[in-house]
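**Q** output the structure for:
(chains A and B)
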Amino acid sequence: MKIALVPGVPALLPSYSSIEDPVADLRKACLAAVTDLGPRVRVVTGQDPGLRVARHLVAEAGAEESADEPTGILVVGNGSAKRTSKAPGDFDERAEVFDDDLRRALLEPLPTALSAIDARLAEEMWADVEGIRTLGELLTPADTAEVAYDAAPYGVQYWVISWR
Amino acid sequence: MTLKLGRHSFADDATLMMAIVNRTPDSFYDQGATWAEDAAFARVAAVVEQGAEIVDIGGIKAAPGQEISAAEEKERVVDLVARVRSSYPSLVISVDTWRAEVGAAVCAAGADLLNDAWGGADPELVDVAAEHGAAIICTHTGGVTPRTRPFRIEYDDVVAAAIDDTVRYAERALAAGVARESIVIDPAHDFGKNTFHSLEVTRRLGEMVDTGWPVLVSLSNKDFVGETLDLPVGERLVGTLAATAVCALAGARIYRVHEVVETRQVVDMVWTIAGRRPPQRAIRGLA
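**A** Predicted structure coming up:
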């Protein structure tokens, strides 16, 4: 089963499109990762706007959202939104460490660590980890991660990662 | 409606800046600053740099003054048109003239658009546009003679008159063979109008837009702005931009202007508020 992680960035939605796409690289990486999930995609996400972003990406990829016999699983989530002084949540010195730990857990991967993400700290870091926590049940240490995007261009840590 | 201005086509949601280039020694705003051909050419270069899609080259000031023959008018504009054509192939060249003879000469030199500010005073101008595949701007002047000031002109309804006259002119152009997408209407602020008339046309511009013909507005630094704010030429930019915003909200497509950069910002802002243009780059709150 292919699994992919994308961030629930509202700027990816058509209703928020600009003349000059502020998330062009991220969009490209997300679409490639979702396309790779095949025709039937199960979506794992917290609340809006993550769900809307996931549905948009699935539709753009020409796939359909389906929990029955999915060909792939799309998980929506991101790291801290407190990475810089211009970040939505302002700068928090704990944010980078939080994201480093999360990155290690995603890439190794470390299912136990993902399931045990500190919910309170994640909330303080303005991180969207509800979907990511589910990865703890979906991934095994034998899976290998392929990173298509890893940056915090607007002070929010985004990853696009595919596992197989 | 998609706009076809001579060699150039524009999508039906595009707004266009038409920069005024005066090849005159006496126009009200610049007082001859671009009278010399090199100065006029430099003005073209400057407004292209500022993003103007159209230049409107004029050889005769609108207000009364020394009579300029067709030969003299051609001498002022034809060579400049040819020079601009060869230097700026993707620029729309408009020429502000009411004379068919001048229109023919500038079209042969590369003009795309004939801006007849005097509302069809020369009935053959539409034939020239048709023959050369040029676009035409049909203005409302209330039937006044070219280069006269309005004096005690009254309308039952100035907007209805502007719509009637410009639409009739547009249909005449169409019948003469000008392409439908190459016909633009212009209420012509201050032409055959007092300040109250121009203000009403501005306030009710949406009625002109509703005709379906693309609308051009020429507001830049005009007397209706000056009289409204009691400000001389040179201090009318803010008032001009306020009127521009109102016309943009109503859906005007082409803006004939002295100040390209400022007008473009206002039109883009209003067009975006109206939901006809996305923001240039929006990420605030959306990251």
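**Q** give me the neighbour count for B:Gly212.
**A** 12 (other Cβ atoms under 10 Å in any protein chain shown). (Each C-beta comes from the backbone N, C-alpha and C, glycine too.)
**Q** excluding its backbone neighbours, what's nearest it?
**A** Nearest non-adjacent residue to B:Gly212, counting by Cβ to Cβ, 6 or more residues apart in numbering or on different chains: B:Met1, 6.8 Å away.
**Q** check which helix or strand the residue lying farthest from the centre of chain A maps to.
**A** Distance from the centre of chain A peaks at A:Ile19, with 24.6 Å (Cα atoms, centre = their mean). Counting by DSSP states H and E, no helix or strand carries A:Ile19.
**Q** with B:Gly239 instead?
**A** Assigned by DSSP H and E, B:Gly239 falls in helix B:237-250.
**Q** now for that helix, which elements pack on it?
**A** With contacts taken as 3 or more Cβ pairs under 8 Å, 6 or more residues apart in numbering or on different chains; DSSP states H and E, helix B:237-250 sits against helix B:195-203, helix B:205-209, helix B:223-229, strand B:254-257, helix B:260-273.
**Q** please repeat the previous calculation with a cut-off of 7 Å.
**A** On a contact count with 3 or more Cβ pairs under 7 Å, 6 or more residues apart in numbering or on different chains; DSSP states H and E, helix B:237-250 meets helix B:195-203, helix B:205-209, helix B:223-229, helix B:260-273.
**Q** now for those helices, which one comes closest to chain A?
**A** helix B:260-273 (9.4 Å; Cβ to the nearest Cβ).
**Q** near chain B, which residues of chain A are found?
**A** Taking Cβ under 7 Å from any Cβ of the partner chain as the contact definition, chain A meets chain B at A:9-11, A:16-20, A:22, A:88, A:154, A:156.
**Q** now do the strands in chain B.
**A** B:3-5, B:8-10, B:16-22, B:54-58, B:92-96, B:113-116, B:135-139, B:183-186, B:216-218, B:254-257 (DSSP state E).
**Q** could I get those strands as a markdown table with mean neighbour count and mean pLDDT?
**A** Output for the strands of chain B, formatted as a markdown table (neighbours: other Cβ atoms under 10 Å in any protein chain shown; pLDDT from 0 to 100):
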| stretch | mean neighbour count | mean pLDDT |
| --- | --- | --- |
| strand B:3-5 | 22 | 97 |
| strand B:8-10 | 16 | 97 |
| strand B:16-22 | 26 | 97 |
| strand B:54-58 | 25 | 97 |
| strand B:92-96 | 29 | 98 |
| strand B:113-116 | 28 | 97 |
| strand B:135-139 | 28 | 97 |
| strand B:183-186 | 27 | 98 |
| strand B:216-218 | 26 | 98 |
| strand B:254-257 | 27 | 98 |
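**Q** now the helices for chain A?
**A** Ranges of helices in chain A, per DSSP state H, are A:24-35, A:50-60, A:95-107, A:111-115, A:119-124, A:130-138.
**Q** dump those helices to a markdown table, plus mean neighbour count and mean pLDDT.
**A** Output for those, formatted as a markdown table (neighbours: other Cβ under 10 Å; pLDDT from 0 to 100):
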| stretch | mean neighbour count | mean pLDDT |
| --- | --- | --- |
| helix A:24-35 | 19 | 98 |
| helix A:50-60 | 20 | 97 |
| helix A:95-107 | 19 | 98 |
| helix A:111-115 | 16 | 97 |
| helix A:119-124 | 13 | 97 |
| helix A:130-138 | 20 | 96 |
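**Q** next, count neighbours for B:Trp99.
**A** Not Trp; residue B:99 is Arg. 26.
**Q** same check, this time on the one 10 residues further on
**A** Applying other Cβ under 10 Å, we find 20 residues neighbouring B:Ala109.
**Q** I'd say it and B:Val78 touch.
**A** Yes. With contact defined as Cβ atoms under 7 Å, B:Ala109 reaches B:Val78; the gap is 5.0 Å.
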